[in-house]
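Engineer: Structure for the following, please:
(one chain, ligands or ions: 3)
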Amino acid sequence: MADIIYTKVDEAPELASASFLPIIQKFAAAAGVSVDTMDISLTGRILATFPENLTADQRQSDDLAELGRLVKTADANVIKLPNISASVPQLKAAIAELQQQGFDVPDYPDAPTSGAQKDVQARYDGMKGSAVNPVLREGNSDRRAAKAVKSFAQKNPHRMGDWSANSKTEVSSMSGGDFFSNEVSATLANETTAKIVLTTDAGETVLKDDVTYPAGTVVDATFMSAAALTSFLDTQIEKTKEDGTLFSLHMKATMMKVSDPIIFGHAVRTFLAPVFEKHGSAMADLGVNPNAGLGDLLARVKDDASILADIDACMADRPPMYMVDSDKGITNLHVSSDVIIDASMPALIRAGGKGWGPDGKEHDANCVIPDNSYAPVYDESIKFFKENGKLNPATAGTVQNIGLMAQKAEEYGSHPTTFEIPAAGTVKMILDDGTVLHEHNVEANDIWRSASARKAPIEDWVNLAIDRQRLEGCRAIFWLDANRAHDAELIAYVKPILEAKGVADKFEIMAPREATRASLETITKGENTIAITGNVLRDYLTDLFPILELATSAKMLSIVKLMNGGGLFETGAGGSAPKHVQQLNEENHLRWDSLGEFCALGESLMFLAETKNNEQARVLGQAVDAATQGILDNGHSPSRKVGEPDNRNSHYWFARYWAEALAAQSDDAALAAHFAPIATALAEGEAAILAELAAVQGPAVDLGGYYKTDAAKTAAVMRPSTTLNAIIG
Ligand SMILES: NC(=O)C1=CN([C@@H]2O[C@H](COP(=O)(O)OP(=O)(O)OC[C@H]3O[C@@H](n4cnc5c(N)ncnc54)[C@H](OP(=O)(O)O)[C@@H]3O)[C@@H](O)[C@H]2O)C=CC1
Ligand SMILES: O=C(O)CCC(=O)C(=O)O
Ligand SMILES: [Mg+2]
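Structural biologist: Ligands and ions are numbered 1, 2, ... in the order given. Down below sits the predicted model:
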C-alpha cells in the first residue's frame, strides 16, 4: 500500500488530476513518499461490479471496497476528491458510454421482471447516489477555511448580490405531516437487533430484518405523508403564481437517495397534474416514472403530439420555473440531481435571493423545501439578509464546522431503512426482545424511514468539538433543537460530556433557526464561530457559509479524523462541476480551482509526518503550505475565461513555489539540494511554459469520453507544455 492514496474520480477534478498528480508524484518520490491512485469514479465502480461481462483486460478491481477496508485502519492516508453521486439518468448515460467504448455492461433495468434483471438493478442501485462518501467517512468531519484562504478572501472580496428588503424570495415548508413533525427517537440501553414490520389489511410484511445496533445507539423513526406533501406542493404552485416568483424545489436526491427522488417525483407529478390525469395510462405504457424527472418524461413522450401539446398548455398555466440552464431549457424538475440543496440554496442566497428564470433573467424565487428539519436555516438566512443587507466578505468572520458523520450517522445513513409504503397500515420497529420501539400509522405512498447515530461517533464528535473550541477560543454552538425528538437524545449525550470536561460554559446549544441568526450576527461583527452539527447540517453549512465567505466551498479544508487512527482529507465540499468539463471540451479552458487539493495535500503530508515520524514528509508538507500561500499572494488561481490562465497554469506555479520553498529550507539539506535545480529549471522555463499553455486554449478538444475519458487523450490535453513535462518527467 502506498503512503498516500489519491482517489481517481470523475469530471473536472479528475481532469485537474491529469495535470497535478504527476507533479505530486514526482515531488513526493524525492522524499521516498509513494502516492498511488484508487479508482472510485462512477465508471470504475460500474466496471468493478460486472466482471463477468468483461474481458480479462477490461476487468477492474473493486477499489471502493478496498478503500472501505483501509479507512478502518490506522494506516489510512487518503486524499479524496469529489466524485459523481449519480442519479439514474447519470448512471444510464455512463452505462451507454461504456457500452459504446466496447464494455459489455448490462443496461439499467427500469422495470425488472426476471430475477436476473432484478439482480442487475440491485447492483446498479448500490452505485446510485452518494455511494462513495458514506463508505469512506469512518470518522467525523472538521471543515474550515485555512487561515491563508480566509484572509485572501477578505483582501479580495468576491461579488455578492444585493438584497432588497422587499425581495419576494422566501422558503416554503410543510405545516405538518413531514419528517420533522412525525419524528420519534430513543436511545437503546443494550445491544439489539431490530426488524421493521408493516401491518396492513392484507397481513404482515417484514420491510427489514436483522438491523443491528450497539448499546447507546440513538434510533429515530419518522415518515412524510404523501397526501400532506402533494397538497402542500399544490398550494405552493398556486402561491408562486400569485406572487409572480419562480417555483423552485431544493433537495438532496444524491445523499437522500431513496426518499428524495420520491419527493421529487411527487413534485413532477403535481406540477403536471392535468397531464397525468388525462394521459396517465398512456404515459405509464411509455415507461414514464416521475421520479426520473421531467427530462426523462419528455424523452419518453416525444413522439406523442397530444401529450406534448397538453404539457405545453399545462406549463403555460404554471408559474415560471427556476432553471438549471435556461439556454437549453433545463428546468428545476428535469433531473433530481441537477438541483442539490447544499449548493443551490447558497448560490441563490449569495445572488441576493435570485434564481434564473426561463427568460434567462434573474428573479425572486419561492424556495420549496418540503421538510422542516433543516429548512429554517435557509429561511432565517434569507430573513437576516433582507433585514441587514448582504454579508461583506471583506470583514466577515468565519463559521467553522464540526459534523457528526462517522458510521453513516443520522439521515445520510437511512437508505436501507427507508420505505415507500405500499398500503395503509402500521409500521412498527420491533426489538429482539419484542419491545415495540417505534410505531406509526401510515397511508399508502407515505415515505417511512429510520435513521440512527451510534454512541462512539457521538462521543468522538463532542470531543472533536471540545478540541477545536480550545484551539480557536471562539464562540461554539451545538445546532440542536431541544424540541426535536432526535436532537433531544443527542443533547442528553452532549451535556454530560461538556460538564465532565469542565467546558460547559464554552458552548451554547440552539435550534437551527436561532443558531443561524446567532452565527450570522457573529460573523457580521467580524468574529468567528464553530457550528457543531449533525450530518445533514454538516453538509448544508459547509457550502452555505463558505459560499458566502469565500465564493465557493471548493477552497475549504475538509479533514476526517478517522476513528481508528487514519486520516481522510477531502478536497473541499464542492462537487464535480459538470459545467467546467463542458467549457474544457468546447474551448480548452479548465476553470477548476485546485486550491482544495493543495490544502488537502499539505494536511496529508503533515499527517504522514506525524503518524510515521517521516521528517521529510514534514518538510514537503510545510513547503506545500508555502506554495499554496504563493498561489494566493500572487494571484495564480485559475480564471473563468478562455484565453486567461487556467487550472494548468496554477499547477505550474504551484510546482514552482513548492520547489522554491524546498530549495530554500534548511531542515533537510538533501531535499534542498535535490530541488534547487528543479526550482531553477521551472523559473528559467517560465516564458516557454506559459506560452505553451496559452497556445492551446480556444479550440474544442476531444477527451475520448465524458464519464470515462481516454487516459492518453486527457494527458495530452491537460499536459500541453513540453517544457514543463520535461522537468516533471
Ligand atoms: N463530495 C463529493 O463527492 C460531492 C460530489 N458532488 C457531485 O458533483 C456533481 C455536481 O454537483 P453540483 O451540485 O453541480 O456541485 P459542484 O460543487 O460541482 O458545483 C457547483 C459550482 O461550484 C463551483 N465550483 C465547485 N468546485 C469548484 C472548484 N474547484 N473550482 C472552481 N469552482 C468550483 C462551480 O461554479 P462555477 O461553475 O460558477 O464556476 C460549480 O459549478 C454531482 O454529480 C454531485 O453528485 C457534489 C457535491 C459533493
Ligand atoms: O456524497 C455526496 O453526494 C455529496 C457530499 C457532500 O455534498 C458533502 O459532503 O458536502
Ligand atoms: Mg455538500
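Engineer: Please work out which residue of the protein is closest to ligand 1.
Structural biologist: G575 (2.4 Å; C-beta to the nearest ligand atom). The C-beta positions use only the backbone N, C-alpha and C, and glycine is treated the same way.
Engineer: Now do the same contact list for that residue.
Structural biologist: P82, I340, A343 (C-beta atoms under 8 Å, 6 or more residues apart in numbering).
Engineer: Could you do T417 as well?
Structural biologist: By C-beta under 8 Å, 6+ apart, the contact set of T417 is I196, K208, V211, R449, S450, A451.
Engineer: Model confidence for the first one, exactly?
Structural biologist: Taken from the predicted model, the pLDDT recorded for I196 is 98.
Engineer: And the third one, by the same measure?
Structural biologist: The predicted local confidence for V211 comes out at a pLDDT of 97.
Engineer: Looks to me like it is in a helix.
Structural biologist: No. Applying DSSP: H, G, I helix; E, B strand; the rest coil, one finds V211 to be strand, outside a helix.
Engineer: can you pull out the helices in the stretch 401-550 of the chain?
Structural biologist: Counting by DSSP state H, counting those that start in this stretch, the stretch 401-550 of the chain has helices at residues 455-472, 485-500, 512-524, 535-550.
Engineer: and G565, which of those is closest to it?
Structural biologist: Relative to G565, the nearest member of the helices of the stretch 401-550 of the chain by C-beta to C-beta is helix 455-472, separated by 11.9 Å.
Engineer: report the angle between the axes of that closest one and helix 485-500?
Structural biologist: Counting by axes from the mean of the first three to the mean of the last three C-alpha atoms, to 10 degrees, helix 455-472 lies at 60 degrees to helix 485-500.
Engineer: Name the residues of the stretch 251-400 of the chain found near ligand 2, please.
Structural biologist: Residues of the stretch 251-400 of the chain found near ligand 2 (C-beta under 6 Å from any ligand atom) are T254, M255, D342.
Engineer: Report the spatially closest residue to the residue in the stretch 201-350 of the chain that ligand 2 sits nearest to, excluding sequence-adjacent ones.
Structural biologist: Nearest residue of the stretch 201-350 of the chain to ligand 2, counting by C-beta to the nearest ligand atom: T254, 4.1 Å away. The shortest distance from T254 to any non-neighbouring residue, by C-beta to C-beta, 6 or more residues apart in numbering, is to S85 (3.7 Å).
Engineer: Count residues in the vicinity of the one you found, would you?
Structural biologist: When neighbours are defined as other C-beta atoms under 10 Å, S85 has 23 of them.
Engineer: Surely it and A131 touch.
Structural biologist: Yes. S85 is within contact range of A131, at 7.1 Å (criterion: C-beta atoms under 8 Å).
Engineer: who in the stretch 401-550 of the chain is up against ligand 3?
Structural biologist: Contacts of the stretch 401-550 of the chain with ligand 3, taken as C-beta under 5 Å from the ion, map to D539.
Engineer: next one: the chain
Structural biologist: By C-beta under 5 Å from the ion, the residues of the chain that approach ligand 3 are D342, D539, A573.
Engineer: now those residues as TSV including neighbour count, distance to G434 and pLDDT?
Structural biologist: Formatted as TSV, the residues of the chain next to ligand 3 follow (neighbours: other C-beta atoms under 10 Å; distance: C-beta to C-beta, whole Å; pLDDT from 0 to 100):
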residue	neighbour count	distance to G434	pLDDT
D342	24	41	96
D539	27	37	97
A573	27	44	74
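Engineer: I'm done for today, thanks for sticking with me.
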